[in-house]
Structure formats: structure tokens, C-alpha cells
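# give me a model of this one.
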Amino acid sequence: MSLLLGTYELEISPRLPIQLAGFAHREGNAVEVHSPLFLKTFYFERKGKEILLFIGDVIWWDTDLVRKWRSSIYHEYHIQPDSICFHATHNHSGPQTSYSFTSLLGVADSSFLDSLEEKIIESVRLAKSNKEYVTPTLRQSTCDISVHRRYFEGNKVVMQPNLNAFVDQNLSIVTFENEMKDLKGMFIHYACHPTSTDANVISAEFPGFCCSQLQKKYKEAVIGYLQGCCGDVRPALIKDNHFFRGSLSDMERIGNQLAESVIQALEHQSGKKLEMNGIEAKVIQIPLSFQKPYSFNKDMEAFPKVLEIWKEHVAKHWKKNRELDLEMQFLQFGNELSFVCFSGEMVQKYGVFVKENIPNSLALGYCNGMVGYVPTRTQIREGGYESEDFIYYFGLPAPFQEGIEEIILHSIKNNLVGDKIDG
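Have a look, this model is predicted:
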């Protein structure tokens, strides 16, 4: 054993009432809690090098706040900013955590966000204080809770289940056992939008419910859900070939199904022990260009209020020729496990590309900020929510140019493929 791991878990549920984030059609404030929201901290150390991974039961993290929190952690603990990752499960049943978007996605509560930094700093201290040597083990399985959500209806792409389209349902489980063979930590990696219910109630959605069910069995472990590239994937809640928003019971059922898949893998697979011969981290900024010129999609005239809010937001926040950077962070745990982390809602093609081109890698969306949806060239040409319609809610001035896919894939190949750690 040569890898040290420290863990800590604390509740970050906001005070009620509070507006929830993610659904433009959801009105009013949440006044009750189904399940608490947590921040889970994983501190890794080997031969003087450190990686710090936070997993929050939130929709995403604000880009500017991440920059500020990384700086605070560096000044307090001297952990390099590039080695710090803020990951979100993309929970749509929690508060807004960014000031960057239109009010249609939920208005951030400054008192909630202001309360987080002290908790983050303290969680690092507590995670570092209980570090111990661990052995990581990887297991692979599948879980059929998801479906592709882009479907051609005539010549338009609509958000409906596409049962004929590929969807990556791979489930990866990484466990960390200490010297006493006790389970200290666990990662569950899967790619599916946590949008099983639009109930105006605080919950950790199906990822958090899955972790809570596993916690009953593995009581001493801190269990974190790692959200993959799920931009065009959502829960398979289907009736008459259309999606429906589920109830809290549907959310629990999906979380239970995922938890059962994890338990089956843990009980019936010995898994692959991972050799941790070093840890490394690096961050790359990838510029994303917008389509020019751009006015607006005429179909949005059917939603005049949305169009009005979007135009006001763009006029206030977007200067001419301003571009946006997608952050790509590479967290490498030896040569047998690495995370490629993106600050966007990446569609599943990017996750598949990472898996196929960087052995032993898992792609994570919703890390260290949020630029919006990142579609492929083909999807941009096709249109649809992930390609164009989302900008009216995220407050971007235009859809991205078609060439962003090649730029991102080129950046992955040039900067990450072939990287090895010399033990």
C-alpha cells in the first residue's frame, strides 16, 4: 500500500424556503426536504503529492467561486489549485449554485453560497486528519436506468426517448480498503441526468439516494457518485413513447436499482487491484467560440418571456467577441486509474472518446464550473436543446461553433493520450 486516503462527509442542505435549480417550469420555493444534501471530500496523498476531490449533491459549481475556493485552500493547506477538483452530481433537486445563468434556471441564494467556503475549508482539515493507507479496487458492471434523449420528429430534434440510439450504461465502481480490510471510500461512476422528478422538494436525487442505500450496508465508507458525460442521456421514465416526470417514489426506485447493481458487483466480483505508482494533476483551458452572427431561433417567439429574459441577460453580461473556456482537468492515480474532468454538460460521445483513447480513464462532467451544454458537430447541425435551445436558459449569446468537437478531441489527444507515470 502506498496511497493515502482521507475522507469526510458533511451536510450542506440549505435553509428553507429556497428556490431549486434546473427546471424552468418549476415555480415557487421548496419548503420541505426529502433527503439531505452532502459535500463529500476525498483527500489523496502519495510521496508528497496531493489530489483533493469534492463531490457535492448540487447541480454544478460556479466557475468564479471555484477559482476563489481553490485559492483559499491553497493558502490554507498549500494544495496546488490544479490538483483540486469540485465535482457535482448534477442534482436538479437542490439550490442554484451559480450566478452565471438566467433566472429561468433558478436564482442563487447568496447566504447559502457564502456559507459553503468555511465548510469546504474545514472538510479538508478533517479529511487530511483521518488519512490512512488504502488499496483501490476497480469493478465494472452495467445498469439499465438510462436512455438517449434526442429524437427526430419530422426534421426537428425533440427531447423524447430514442430507443434505437446508443447509450453507454457502463457502471464503474472503485473501492478503497484500509489495512484492516475495512471499506473507507467508494466511487460510483455512471452517466445519467438526475432528472427523475421535478417535485419541488429538496433531495439528493437518485445518485444521492443510491449512496444512502449503500451507506446502510457499508456504514463506515464515504460513498461518492461521479457523474459522467450525460448531456444527452436521462432516466428511462417512458410512457406511450414519451418521457414523463416521475414522483419521489420513482426517484427512489431508480436509486435503488443503481444501488443493487453496485452491490451485485461488489459481492460477485473480486475486482482488479489497482497499482498506485504515483499521482499527478494538470489543467488545460480550451477556448469555445460562438456562432457569428446570431440573432435568435424564430421558434423561440412562441416563448416571449424566455426570449425577453435571455436578451436582457446577454446585453448585461456578454461583451462583444467574448469567448468561453472549457476547463479540462486530468487527475491521474498511477497508470491504472485516471479522471478526465470537464466544466460542462458534455454529451456522451466525449465520455466514450475518453474511455476508448485513454486506458483506465473515466470522464466526468460538471467539474470546476459550468459553460453549458457541449454537443458534437453533428448535434450542432441537427439543432435541439443540447445544441441551441439551452442557450436561452443558460444565458449564452449564441450556440457554439461546429468546430468545438474537433478542438476538444484534439486537446484530449495532444495533452492526455499516452501520459504515463514513472514509478
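# helices and strands of this protein: which one bottoms out on pLDDT?
Here the helix or strand of the chain ranked lowest by mean pLDDT, DSSP states H and E is helix 404-415, holding a mean of 94.
# and the helices in the protein, which stretches?
63-77, 110-129, 205-217, 248-268, 304-317, 348-357, 377-382, 391-394, 404-415 (DSSP state H).
# state the distance from Lys184 to Phe330.
To Phe330, Lys184 is 24 Å away according to C-beta to C-beta, to the nearest Å. C-beta: built from backbone N, CA, C; applies to glycine.
# and the residue nearest the centre of the chain, what pLDDT?
Taking C-alpha atoms, centre = their mean, the centroid of the chain lies closest to Tyr366, which sits 3.3 Å from it. Predicted confidence (pLDDT) for Tyr366: 98.
# ok, now Ser361?
On the pLDDT scale, Ser361 is placed at 96.
# that one: how many residues sit nearby?
For Ser361, the neighbour count with other C-beta atoms under 10 Å is 22.
# my read: it touches Val354, true?
Yes. Contact between Ser361 and Val354 holds when scored by C-beta atoms under 8 Å: they sit 5.3 Å apart.
# now do the shared contacts for these two.
Both Ser361 and Val354 are in contact with Val340, where contact means C-beta atoms under 8 Å, 6 or more residues apart in numbering.
# just the strands in the stretch 151-300 of the chain please.
Assigned by DSSP state E, counting those that start in this stretch, the stretch 151-300 of the chain shows strands spanning 156-162, 170-178, 183-190, 222-227, 233-235, 238-239, 242-243, 272-273, 279-288.
# which residues touch the fifth one?
Translated: strand 233-235. 145-149, 167-168, 191-193, 195-196, 206, 243, 246, 254, 348.
# which residue sits closest to Tyr294, ignoring its sequence neighbours?
Using C-beta to C-beta, 6 or more residues apart in numbering and skipping the chain neighbours, the partner closest in space to Tyr294 is Ala398 (3.6 Å).
# quick one: stretch 397-406 to chain centroid distance?
Distance of stretch 397-406 from its chain centroid, counting by C-alpha atoms, centre = their mean, to the nearest Å, is 21 Å.
# I'd like to know which of the helices of the chain is closest to Asn29.
Minimum separation from Asn29 across the helices of the chain (C-beta to C-beta) falls at helix 110-129, 12.4 Å.
# which secondary structure elements does the closest one contact?
On a contact count with 3 or more C-beta pairs under 8 Å, 6 or more residues apart in numbering; DSSP states H and E, helix 110-129 meets strand 3-11, strand 38-46, strand 49-56, helix 63-77.
# any chance of those in a markdown table, with mean neighbour count, distance to Ala315 and mean pLDDT too?
Below are these laid out as a markdown table (neighbours: other C-beta atoms under 10 Å; distance: least, C-beta to C-beta, whole Å; pLDDT from 0 to 100):
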| stretch | mean neighbour count | distance to Ala315 | mean pLDDT |
| --- | --- | --- | --- |
| strand 3-11 | 20 | 39 | 97 |
| strand 38-46 | 23 | 35 | 98 |
| strand 49-56 | 23 | 32 | 98 |
| helix 63-77 | 16 | 20 | 98 |
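# any weak-confidence spans in this structure?
Applying pLDDT under 70 to the chain flags residues 1, 417-423.
# one step back: let me know which of the strands of the stretch 151-300 of the chain is tucked in deepest.
Highest mean neighbour count among the strands of the stretch 151-300 of the chain (mean count of other C-beta atoms under 10 Å): strand 222-227, with a mean of 26.
# what does it rub up against?
7-9, 40-42, 53, 55, 87-90, 184-191, 194, 207-208, 210-211, 214-215, 339, 362, 364-366.
# distance to Lys47 added to the helices of the chain, as TSV?
Shown next, in TSV, are those (distance: least, C-beta to C-beta, whole Å):
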stretch	distance to Lys47
helix 63-77	17
helix 110-129	16
helix 205-217	31
helix 248-268	30
helix 304-317	44
helix 348-357	26
helix 377-382	42
helix 391-394	41
helix 404-415	23
